[in-house]
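Peer 1: Give me a model of this one.
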Amino acid sequence: MFEVMVLAIALSMDAFAVSIGLGAKKAMQTSALAFKSAMYFGVFQAVMPLVGYLGGKGVLGWVQNYAHWVAFVLLLLIGIKMLYEAMSEGIEEDIAQITHRVMLMLALATSIDAMAAGFTLTLLQVEPFFACALIGITTFIFSWIGVVVGKRSGTWLESKAECLGGVILILMAFKTLLF
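Peer 2: Numbering: from 1, shown residues only. Now for the predicted structure:
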């Protein structure tokens, strides 16, 4: 349970960072944007790990002896990717209007990592639907908070959140090798 919560927080950092950027744009009423951001990111972050889990279950028989190495590589790469993205400019600066299409694309882009991380759920002793729901709810909350933080303080916290998520995933990667 603890590992799933840590994974949920780490995976939600991407959506949190993007939500901060969206909130800083001051393009919409805060509550409407916060709800829109939380719904899109929360739903996608809940569904994509389930897709990864189901895909992982399908190939687990083939890679069972190497599953911890596969989980290590996936978590390590996702963590490194998040650290890299934290150092580069976010896409939110290029967005003129926050439409449903834009939100759909941002939600998809931030949840690809969650799909890959869903494979690691096959290695944990956890109910996958519960884990995915927890990831979605955590992302919903962090996305809502991200818009509010961005609206009030700008983007100064954006890259720090992504760095934290990346570091957590890298630490989880190494933990898969130890246990």
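
Peer 1: number of nearby residues for the nearest residue in space to residue 51 that is not next to it in sequence?
Peer 2: Distance criterion C-beta to C-beta, 6 or more residues apart in numbering; nearest residue to residue 51, sequence neighbours excluded, is residue 115 at 5.3 Å. (Glycine included, C-beta is placed from N, CA and C.) Number of residues near residue 115 (other C-beta atoms under 10 Å) recorded here: 21.

Peer 1: Just the buried positions in the longest helix seen in the chain, please.
Peer 2: With secondary structure taken from DSSP state H, the chain has its longest helix at helix 30-63. Neighbour-count burial for helix 30-63 flags 33-34, 36-38, 40-42, 44-53, 56 (criterion: 16 or more other C-beta atoms under 10 Å).

Peer 1: so the residue nearest to residue 51 sits right up against residue 48, yeah?
Peer 2: Yes. At 4.0 Å, residue 115 counts as touching residue 48 under the criterion of C-beta atoms under 8 Å.

Peer 1: Contacts only, for residue 103.
Peer 2: Contact analysis of residue 103 by C-beta atoms under 8 Å, 6 or more residues apart in numbering lists 36-37, 40.

Peer 1: Just the closest of these to residue 142, please.
Peer 2: Closest approach between those and residue 142, by C-beta to C-beta: residue 37, at 9.8 Å.

Peer 1: gap between the closest one and residue 23?
Peer 2: Counting by C-beta to C-beta, to the nearest Å, the gap from residue 37 to residue 23 is 8 Å.

Peer 1: Pull up the overlap in contacts between these two.
Peer 2: 146-147.

Peer 1: mind listing the helices in this structure by residue range?
Peer 2: Under DSSP H, the chain gives helices at 2-24, 30-63, 67-87, 100-118, 128-153, 158-178.

Peer 1: pLDDT weak spots in this protein?
Peer 2: Scanning the chain for pLDDT under 70 picks out 26-27, 60-61, 63-67, 86, 89-96, 155-159, 161-162, 165, 179.
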